[in-house]
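K.L.:
Give me a model of this one.
(one chain, ligands or ions: 3)
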Amino acid sequence: MYRSQQLALKYLAAAIVIFGAMVVAGLMSAYYYINPDFLFGLLHFNISKTLHIDTLVIWLLFGFIGAVYWYLPEEFGIEPVGIKAAEVLFYVLCAAIAVVTLVFVFIQYGPSNEVGMWLVNQGRKYVEAPRWAAVGIVVVMLVFAYNVIGTAIRARKITGIVGVLIVDLIPLIVLYLDAFPAARNMSVDLFWWWWLVHMWVEATWEVLIGCIMAWALMNLLGTSRRIVEAWLYIEVALVLGTGILGLGHHYFWIGTPQYWLAVGGFFSAFEPLPLLGMVIHAIYDAGTHHMKTTNRPAFYWMLAEAFGNFIGAGVWGFMMTLPQVNLYSHGTQWTVSHGHFAFWGAYACGVISVCYLVLQKVRGSAFLDGITWRWAFAALNVGLVGMVGALLISGFAQAFIERAQGGSTLEAFIAGQENFWFLDGMYARFAFGLIFAAGYVVLAYDLLTIGRRLPVHAMAVAE
Ligand code: HEM
Ligand code: HEM
Ligand SMILES: [Fe+2]
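P.N.:
Ligands and ions are numbered 1, 2, ... in the order given. Down below sits the predicted model:
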């Protein structure tokens, strides 16, 4: 095994651990909605939600980085350059994440000046980490980019997938710099912040996971590189063609000029197209291989990724992307419903699929079945889809009562929050959250033990 692949194992293991922290913070955040006095005076909703969504971003990034470190040496047949620096930075990054978590939990608030920004919290949703930590993330990403680009140069070779990956890494890193400035004008601040959030999840991350899934497909089904790369180019073109100006769907009500209503509505309405392309691609590949695979868990998680991406991001996003609808749905639990479905389908399922592919190499190819992964798969997906449905009900209640009937006044906001449809949705979300959390425990157990559980002779027979 290459050193880069050993590092990949560390990144993937850390990703699954941080995923666990995210689930705990998610359950806490959900509990505040049914018992607002929870931990009153000690730790409030804003902190638990920050922990929930920051760990989300971090574990997915860890998953992507791990996947690339895994496939990169196989792509080129050599050890990636600069891997020593990457190894050191992994530990530095983990330590930084631990420190930031402690700061969020125990310090919580800083002065609203540069000191607060540098040491406590930058206050930008999803990228709240204090500046020193954000600088660290930039360094890690630069070394990561060096690993990828340097290796291609040393190997004197470029493949379609790596070419797309390199072109993608540049905007991905540059956009993160958007986490730093602190504009005093709220509209200006949000204007640039959306570049980061939207262009990450609906452009650069989508391309990145496309590259990773391309490798994973070749690995899993033996799909030919020609087919995988042809699809990758089509998907990238469609993602960028619709996603860049699709940014306008966040500019409807934040003080930006009115033309964004048309630009955002029009372009983002086409955003589901590339995601539909991915579903067709997955069905096509699975069909040509008659659903036969040596790694069923990875296969199922990859199908979940394709469908989840299309439905969660494409369909759920499309539902509220026209300004005529978004006027009512904006910022309600309807948005949260889409946020969960999209992140889960587009990214989380893909990372889990890669984990199983990697484990197959590490622990031998014969092990990958049994019942445990099925329980994890079922509980996680039932839990997630249940939460998404519950949130949609709460979101509809808000859209009707707070927006359509009440006209978005503060009084209407309270009336929306007190309505029984809204509250029932919140209870149901918590219940499904518990199912999801149970699924997480089974998944973690399965990843830890799969391939080690079977007695040796059974493995030999299977082999
Ligand atoms: C046990 C499972 C989970 C529970 C109970 C949970 C609960 C929550 C809660 C209560 C919020 C705050 C929403 C608000 O501000 O009203 C939230 C936000 C969020 N969660 Fe989760 N979550 C869980 C799992 C996940 C997973 C698996 C993902 C993605 C893969 C995810 C992604 C997000 C995102 C993106 C947000 C921000 C949404 C927004 O503010 O619009 N969560 N979650
Ligand atoms: C992988 C892809 C995607 C992910 C991970 C994702 C995730 C999210 C998240 C987390 C939010 C809430 C942001 C916040 O306020 O904190 C959001 C908002 C939104 N998304 Fe997506 N999304 C994706 C794709 C799409 C697509 C394809 C569409 C449209 C077709 C779309 C339409 C929207 C709209 C209109 C909003 C604003 C909701 C509001 O007004 O409150 N998204 N998305
Ligand atoms: Fe967006």
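
K.L.:
Show me where the stretch 351-463 of the chain has its helices.
P.N.:
372-397, 410-418, 420-449, 456-462 (DSSP state H, counting those that start in this stretch).

K.L.:
Show me which of the ones you listed has the highest average neighbour count.
P.N.:
Of all these, helix 372-397 has the most neighbours on average by mean count of other CB atoms under 10 Å, namely a mean of 21. Quick note: C-beta positions are derived from backbone N, CA and C, even for glycine.

K.L.:
Are that helix and ligand 2 in contact anywhere?
P.N.:
No - no part of helix 372-397 sits close enough to ligand 2 to count as contact by CB under 6 Å from any ligand atom; the gap is at least 9.5 Å.

K.L.:
what packs against that helix?
P.N.:
Other helices and strands packing on helix 372-397, by 3 or more CB pairs under 8 Å, 6 or more residues apart in numbering; DSSP states H and E, are helix 296-308, helix 333-343, helix 420-449.

K.L.:
okay if I get these as TSV plus distance to residue 250 and mean pLDDT?
P.N.:
Rendered in TSV, the data for those read as follows (distance: least, CB to CB, whole Å; pLDDT from 0 to 100):
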stretch	distance to residue 250	mean pLDDT
helix 296-308	22	95
helix 333-343	11	98
helix 420-449	24	97
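
K.L.:
Tell me which of these lies nearest to residue 184.
P.N.:
Distances from residue 184 to each of the helices and strands packed on helix 372-397 were compared using CB to CB; the shortest belongs to helix 333-343, at 26.1 Å.

K.L.:
what about residue 72, how many neighbours?
P.N.:
Residue 72 is flanked by 25 other residues according to other CB atoms under 10 Å.

K.L.:
pLDDT wise, what is the closest residue to it other than its chain neighbours at?
P.N.:
Taking CB to CB, 6 or more residues apart in numbering, and ignoring the residues beside it in sequence, residue 72 has residue 80 as its nearest neighbour in space, at 5.1 Å. Reported pLDDT at residue 80 in the predicted model: 97.

K.L.:
still on that earlier bit, got the helices and strands packed on helix 372-397 as a markdown table, with distance to residue 355 columns?
P.N.:
Formatted as a markdown table, the entries for the helices and strands packed on helix 372-397 read as follows, by distance: least, CB to CB, whole Å:
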| stretch | distance to residue 355 |
| --- | --- |
| helix 296-308 | 8 |
| helix 333-343 | 17 |
| helix 420-449 | 6 |
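
K.L.:
Of all those, which one comes closest to ligand 3?
P.N.:
Among those, the nearest to ligand 3 by CB to the ion is helix 333-343 (9.3 Å).

K.L.:
wait, does the closest one contact ligand 3?
P.N.:
No - for a cut-off given as CB under 5 Å from the ion, helix 333-343 has no contacts with ligand 3; the smallest distance is 9.3 Å.

K.L.:
name the helices or strands packed onto that helix?
P.N.:
In terms of contacts (3+ CB pairs under 8 Å, 6+ apart), helix 333-343 is packed against helix 316-319, helix 372-397.

K.L.:
Residues of this protein that sit close to ligand 2?
P.N.:
For the chain, the residues found near ligand 2 under the criterion CB under 6 Å from any ligand atom are 125, 201-202, 206, 249-250, 268, 271-272, 313-314, 317-318, 320-321, 326, 330-331, 335, 338-339, 342-343, 346.

K.L.:
near ligand 1 too, which of those residues?
P.N.:
Counting by CB under 6 Å from any ligand atom, the members of the residues of the chain next to ligand 2 near ligand 1 are 335, 339, 343.

K.L.:
can you count the residues close to the first one?
P.N.:
If I follow you right, that is residue 335. The burial count assigned to residue 335 is 18, neighbours taken as other CB under 10 Å.

K.L.:
Show the contacting residues for it.
P.N.:
320, 329, 395 (CB atoms under 8 Å, 6 or more residues apart in numbering).

K.L.:
my guess is the first one contacts residue 337, does it?
P.N.:
No - look at residue 320 against residue 337 with CB atoms under 8 Å: they stay out of range, at 9.4 Å.

K.L.:
quick one, which of these two is more surrounded?
P.N.:
In this comparison of residue 320 against residue 337, neighbours counted by other CB under 10 Å, the higher total goes to residue 337 at 27 against 22.

K.L.:
For the more buried one, which non-adjacent residue is spatially closest?
P.N.:
The shortest distance from residue 337 to any non-neighbouring residue, by CB to CB, 6+ apart, is to residue 391 (3.7 Å).

K.L.:
With that, I have no additional questions.
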